[in-house]
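**Q** below is the structure, and that's it, no one-letter string:
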């Protein structure tokens, strides 16, 4: 019997006196390799290497064959349309531009930049009369959308040669955000800097105003300019063009039919991580309770169980919720169009070279399409109204739809008044124009995709590692036509109330990372400004700092400015917050009740009143966080902070502006806002 020590000792004793045959062989091999390296390998450097002679070129050929340039050549298309889209609007606009091109006798290819080798742009000049259109949305605080991040990085690199590229850009943004249409402006400027030729002026769409009007106005001027540039004569064909062909699937097995999955078939039933936008985690609702104590409004605190999902989140991240449309809307559309919702169908792209084969997961039933995949609550855009006008049996109804979908000043005003201001969704339009009976498959093609709804996470993983909390106000209002409109997600979540282990509602979710983060150093002071549900991420921040204090860590001053309407009605998380003040986690809490007195008070008023404290914290390196309304509150808060810096810092207006910009560039002034 021997041990490991015994084997080691024996080996050393036997090997010490001899040079065995194996040693001679190894030494000879090393010597041979040395001779080879000296006489042959060194000389290789002097010889030119012809890459073309090597087999490694084969994968390159395959990549080129599948490039958008090759697709354009083989399908005889001269226009490429790229979209950077976060919510689907830019992608929708790209599709509409492609249809416009077809009406003009041209052919366009629609592409997701994330799926393309954008370096191939410099080869587009090989195609006669070619040009590229970029529909680029701005996400967050001036950032590119997820699917255009790589394209942005490539342009930022600045080494591409785009001489010969002709282009046009339409940007999608929101003026309530500080970095309005940053991505559209960046792409337009960078393409020109890299040698591209601008075909038409940059278009800017404002979602806070009327994005549809901005887009229609731009493209109505863009296409005549393109026709003139290339000597193309417009055909004048205004008829509806179908991008997808309907196929009824009668004999398909049930397990092959989509039932609401965002992408992979059966992904909601057979869960497999990692979880993301195309593969959400089906979470159980642990808690759903009312936060308001009175009044007509409702605010929900909801907790999603993420146990065993391996989902990780940080305070300040967002959680996406995948809602289902209201059944009354779905059934109403089916009834008015006399359609059986349980028919299984597919919409197949008529362009075989298109990267997008279906507008949404197919095959599925019409019920599934209207419930899970299509936006039936928002106001339809003008292209939808124009296309469904063909199905009006009453000429007056057709004339009206054509008018409000036109680019004329009268048409735009009528669309704004009759559709937008009256909040008419597609069901309301079909009800109010009874002679309009479009085939449901065509309507499914025209309507945009239903998007996930994002909420600021109102918990910290340090306190709740296996659950994600959200704070959501129920959206419900009366329209000018006396209809009741409901928010898609909040009205659906309202009924997701757990009732014992046998009756636990489920909600598909996934986490989207954010830059809205507490300082890396726990000792840095923070000022949090968040009225209403703007408190949500700060609840997570406070929980995190509380956990750090319990672990014995030194934590900087933590100050909260909160606002609501009435102390007795909508002071959400009141008891929690007061406990954090009592135990020292919250250094200070200032609350403004806008309707508890004659003169309204807001968080910006509190900031002015506490200007000395705010400035003292800023001088100590405090990070300022703002969350909530982007249209009024956020700009007012920014103006107030700028005023405090000017007054208390004894700076000029321009110096105070520079000071504030430095804070923003260093991550000391962060916003998580919405409009």
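**A** Thanks, I have the structure now. These numbers were taken from a predicted model, which means no experiment stands behind them.
**Q** and the pLDDT at the nearest residue to residue 516 once chain neighbours are set aside?
**A** Excluding its sequence neighbours, the residue lying closest to residue 516 (CB to CB, 6 or more residues apart in numbering) is residue 316, at 3.8 Å. For the C-beta atoms, the positions are set from N, CA and C on the backbone; glycine is no exception. Note on residue 316: pLDDT of 97.
**Q** where does residue 316 fall, secondary structure wise?
**A** Using DSSP states H and E, residue 316 sits within no helix or strand.
**Q** okay, now it: neighbour count?
**A** Other residues near residue 316 come to 24 when the count uses other CB atoms under 10 Å.
**Q** tell me, what residue is most central in this structure?
**A** residue 86 (3.1 Å; CA atoms, centre = their mean).
**Q** what about that one, distance to residue 469?
**A** 24 Å (CB to CB, to the nearest Å).
**Q** which pLDDT value belongs to residue 7?
**A** pLDDT, residue 7: 32.
**Q** assign the nearest residue to residue 312 once chain neighbours are set aside to helix, strand or coil.
**A** Leaving aside its sequence neighbours, residue 312 sits nearest to residue 461 (CB to CB, 6+ apart; 7.1 Å). Judged by DSSP: H, G, I helix; E, B strand; the rest coil, the three-state class of residue 461 is coil.
**Q** residue 461 and residue 170, how far apart?
**A** The spacing between residue 461 and residue 170, counted by CB to CB, is 40 Å.
**Q** what's the answer for residue 403, then?
**A** Distance from residue 403 to residue 170, by CB to CB: 24 Å.
**Q** which one's more surrounded, the two?
**A** residue 170 (29 against 16).
**Q** assumed that one was part of a strand.
**A** Yes. In this structure, residue 170 lies within a strand as judged by three-state DSSP.
**Q** residue 549 contacts residue 585, correct?
**A** Yes. Here residue 549 reaches residue 585: they are 6.1 Å apart, a contact under CB atoms under 8 Å.
**Q** neighbour count for the two, which is higher?
**A** Higher neighbour count among residue 549 and residue 585: residue 585, with 20 against 16, using other CB under 10 Å.
**Q** what is the longest helix along the chain packed up against?
**A** Under DSSP state H, the helix in the chain containing the largest number of residues is helix 211-230. Under the contact definition 3 or more CB pairs under 8 Å, 6 or more residues apart in numbering; DSSP states H and E, helix 211-230 sits against helix 89-103, strand 166-173, strand 203-206, helix 409-415.
**Q** list the buried residues in that helix.
**A** Neighbour-count burial for helix 211-230, counted by 16 or more other CB atoms under 10 Å, picks out 211, 212, 213, 214, 215, 216, 218, 219, 222, 223, 226, 230.
**Q** and stretch 71-78, by the same measure?
**A** 71, 72, 77, 78.
**Q** just to check, the last one is in contact with residue 132?
**A** No. Checked against CB under 8 Å, the pair residue 78 and residue 132 is beyond contact range at 10.2 Å.
**Q** before we move on, what SS does residue 302 have?
**A** Relying on three-state DSSP, one would call residue 302 strand.
**Q** and it, what does it touch?
**A** Counting by CB atoms under 8 Å, 6 or more residues apart in numbering, residue 302 touches 285, 287, 288, 469, 470, 472, 493, 496.
**Q** now do 10 Å
**A** Applying CB atoms under 10 Å, 6 or more residues apart in numbering to residue 302 gives the contacts 285-289, 319, 321, 455, 458, 468-472, 490, 493-494, 496-497, 505, 507.
**Q** is it bridged to anything, and to what?
**A** Bridge pairing for residue 302 (DSSP bridges) gives the partners residue 288, residue 470.
**Q** next one, pLDDT for it please.
**A** pLDDT, residue 302: 98.
**Q** for the stretch 151-300 of the chain, which segments count as helices?
**A** 182-193, 211-230 (DSSP state H, counting those that start in this stretch).
**Q** and the shortest one, what does it pack against?
**A** If I follow you right, that is helix 182-193. If contacts are counted by 3 or more CB pairs under 10 Å, 6 or more residues apart in numbering; DSSP states H and E, helix 182-193 sits against strand 79-84, strand 131-139, strand 143-144, helix 149-157, strand 166-173, strand 197-198, strand 203-206.
**Q** export these to JSON lines and tack on mean pLDDT?
**A** Shown next, in JSON lines, are the helices and strands packed on helix 182-193 (pLDDT from 0 to 100):
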{"stretch": "strand 79-84", "mean pLDDT": "96"}
{"stretch": "strand 131-139", "mean pLDDT": "96"}
{"stretch": "strand 143-144", "mean pLDDT": "92"}
{"stretch": "helix 149-157", "mean pLDDT": "95"}
{"stretch": "strand 166-173", "mean pLDDT": "97"}
{"stretch": "strand 197-198", "mean pLDDT": "97"}
{"stretch": "strand 203-206", "mean pLDDT": "96"}
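**Q** need those in JSON lines with distance to residue 301, can you?
**A** Converted to JSON lines, the helices and strands packed on helix 182-193 look like this (distance: least, CB to CB, whole Å):
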{"stretch": "strand 79-84", "distance to residue 301": "35"}
{"stretch": "strand 131-139", "distance to residue 301": "27"}
{"stretch": "strand 143-144", "distance to residue 301": "29"}
{"stretch": "helix 149-157", "distance to residue 301": "33"}
{"stretch": "strand 166-173", "distance to residue 301": "32"}
{"stretch": "strand 197-198", "distance to residue 301": "50"}
{"stretch": "strand 203-206", "distance to residue 301": "34"}
